[in-house]
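>>> Build me a model:
(one chain, ligands or ions: 1)
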Amino acid sequence: MVDRANRPSALSAPSAAAPGPQVDITGSGASSKVTATLPSGESVEILLYGATVISWKSNGGKTENLWLSEKAALDGSKAVRGGIPVVFPVFGPPPKSGHATSSLPQHGFARTSRWEFLGKATSEDALDSSSVKLDFGLYSSNVSPEARKAWPLDFGLVYSVTLAKDSLQTVVNVRNEGESSFEFQMLLHTYLKVKDISKVSINGLLGVEYVDKVLDASTHKQSDPSVTITGEVDRIYASIPQTTTTVLEDGTPRFDVVRDNLQDTVVWNPWKEKAASMADFSPDGAFTEMVCVEVGAVKGWQKLEKGEVFEGGQTIKSLL
Ligand SMILES: O=P(O)(O)OC[C@H]1O[C@@H](O)[C@H](O)[C@@H](O)[C@@H]1O
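Okay, here's the model as predicted:
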């Protein structure tokens, strides 16, 4: 028989319940957002508009990892300039004609649609490993009439954003809910915040072929182990064998971007002139404080038959 009276107090005393992650919904209409904060201070903010992650703080809440333009529209009037816009069902300008996405705007409609907050799931095994998963949904039945008209296919998207102590995972699940097959592209347009672009290098792309959108869409092979940025860069690295792309600052790893079931990555920095031409890119000179490392499935098309599901995403680790 267990002698309860002689048990060490740490086992017998009921442990005080550890505080769990805090999840709040604030704002109204197009400005509504979901904020989650871990007991250790890390946080994430997601606008329902576009299910756009607009802030991710790690390091006990002290370090912002995502760049957000000071002039980013956060009222649902246009796609957010910064954070992590979700690109679906087409990346970039759509094919001019002859494809089901041809009438869509650049980067599709997911980033400019209002998503539904589906709820949260938490894990609080220990303070250090606590995490919170937030799910968002977008369905053909609740996109705008314009988007529905331009892409009249039946789909369901569930976007899961999981905040853990040193990482943020964002995963898109696409389901074909119609009778016929459809094709799509998707991408997570992550704007990473850096201190000084001149000290940034990006590793993990060696030997990979890329399309250089700045140089007339010609194809090249990455022959240097590090990508450095000294002018406008807009490259689509496709069919990447290694799963991790590392962003270094001053030679020190700052972010690992780990792809899950996604083979492509776009590296983008608009540099001075292009940044100045974008009304919502601010302040002047902010192009030196960001780099986009955008994981996706953008080479060719993903095809889903009736009832089929595709899932792909990323885990970004803040290495500070
Ligand atoms: O201005 P937008 O539509 O948000 O696009 C920003 C950039 O997004 C990148 O993904 C594209 O490769 C660039 O060509 C584009 O300029």
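
>>> what about the helices in this structure?
9-12, 145-150, 271-277 (DSSP state H).

>>> got the residues of the stretch 1-150 of the chain near the ligand?
79, 92, 106, 107 (CB under 6 Å from any ligand atom). Yep, even glycine has a C-beta here, placed from its N, CA and C like the rest.

>>> Measure how buried the nearest residue to the last one once chain neighbours are set aside is and give me the count.
Take residue 107 and drop its neighbours on the chain: the residue closest to it by CB to CB, 6 or more residues apart in numbering is residue 87, 4.5 Å away. Residue 87: 26 surrounding residues under other CB atoms under 10 Å.

>>> just to revisit the earlier point, buried only: go through the residues of the stretch 1-150 of the chain next to the ligand for me.
79, 92, 107 (16 or more other CB atoms under 10 Å).

>>> I figured the second one was touching residue 106, is that so?
Translated: residue 92. Yes: assessed by CB atoms under 8 Å, residue 92 is found in contact with residue 106 at 6.2 Å.

>>> could I have stretch 181-192 exported to CSV, CA atoms only?
Extracted in CSV, the C-alpha atoms of stretch 181-192 (Å, rounded to 0.1, in the frame of the first residue of the first chain):
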residue,chain,number,x,y,z
SER,A,181,-9.7,18.7,-60.6
PHE,A,182,-7.9,22.1,-60.2
GLU,A,183,-4.3,23.4,-60.4
PHE,A,184,-2.8,25.9,-58.0
GLN,A,185,0.4,27.4,-56.7
MET,A,186,1.0,28.6,-53.2
LEU,A,187,3.7,30.5,-51.3
LEU,A,188,4.3,31.9,-47.9
HIS,A,189,5.6,35.4,-48.6
THR,A,190,7.7,35.9,-45.4
TYR,A,191,9.4,39.3,-44.9
LEU,A,192,12.2,38.6,-42.4
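
>>> Report the contact partners of residue 194.
67, 200, 247, 249, 254, 289, 290, 291 (CB atoms under 8 Å, 6 or more residues apart in numbering).

>>> Might one say that the first one is in contact with residue 195?
No: under the criterion of CB under 8 Å, residue 67 makes no contact with residue 195, lying 11.0 Å away.

>>> Cheers, nothing more for now.
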